[in-house]
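>>> quick check, what structure comes out for this input:
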Amino acid sequence: MGIGNIGLPGLLLIAVVVLVLFGRGKISSLMGEVGKGITAFKKGVSESTEELEEQKKAEEAKDVTPEDEKDKA
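Below is the predicted model:
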């Protein structure tokens, strides 16, 4: 019998104990904060991915004109 063998009755008992200790309002506010954190994390990942794509496009679009051609312009 280890920690890995909790099962459904054990999980229900843990949930009831947590609910009694913290109360319904505290748990719901905590879950709201967890949701906000997950949303902020996803937004940050999305923004960094977009930034990397923009950098890649900028590198592809860099000026490749030969030096002797630049002097003529």
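
>>> confidence score at G2?
We note a pLDDT of 55 for G2 in this prediction.

>>> scratch that, L13 is what I was asking about
On pLDDT, L13 comes in at 93.

>>> follow the chain on from the helix or strand it falls within and name the next helix or strand.
Here L13 sits within helix 7-22, counting by DSSP states H and E. Where DSSP H and E defines the elements, the next helix or strand beyond helix 7-22 is helix 24-60.

>>> that next one packs against which elements?
helix 7-22 (3 or more CB pairs under 8 Å, 6 or more residues apart in numbering; DSSP states H and E). The C-beta positions use only the backbone N, C-alpha and C, and glycine is treated the same way.

>>> tell me the angle the helix it packs on makes with helix 24-60.
Interaxial angle of helix 7-22 relative to helix 24-60 (axes from the mean of the first three to the mean of the last three CA atoms, to 10 degrees): 100 degrees.

>>> what residue lies at the spatial centre of this protein?
F41 (2.9 Å; CA atoms, centre = their mean).

>>> tell me how far L8 lies from R24.
21 Å (CB to CB, to the nearest Å).

>>> should've said K62
Look at K62 and R24: by CB to CB, they are 58 Å apart.

>>> ok, now T39?
Remark: distance between T39 and R24 (CB to CB) = 23 Å.

>>> one more: G44?
Here G44 is placed at a distance of 31 Å from R24 (CB to CB).

>>> next: T49.
Using CB to CB, T49 is found at 38 Å from R24.

>>> and what of Q55?
Distance from Q55 to R24, by CB to CB: 47 Å.

>>> for this protein, which spans come out with low pLDDT?
Along the chain, the parts satisfying pLDDT under 70 run over 1-3, 63-65, 68-73.

>>> hmm, 50 instead?
Flagging of the chain using pLDDT under 50 yields the residue ranges 1.

>>> E67: how many residues sit nearby?
By the measure other CB atoms under 10 Å, the count of residues near E67 is 6.

>>> check I27 too.
Quick note: I27 (other CB under 10 Å) scores 14 neighbours.
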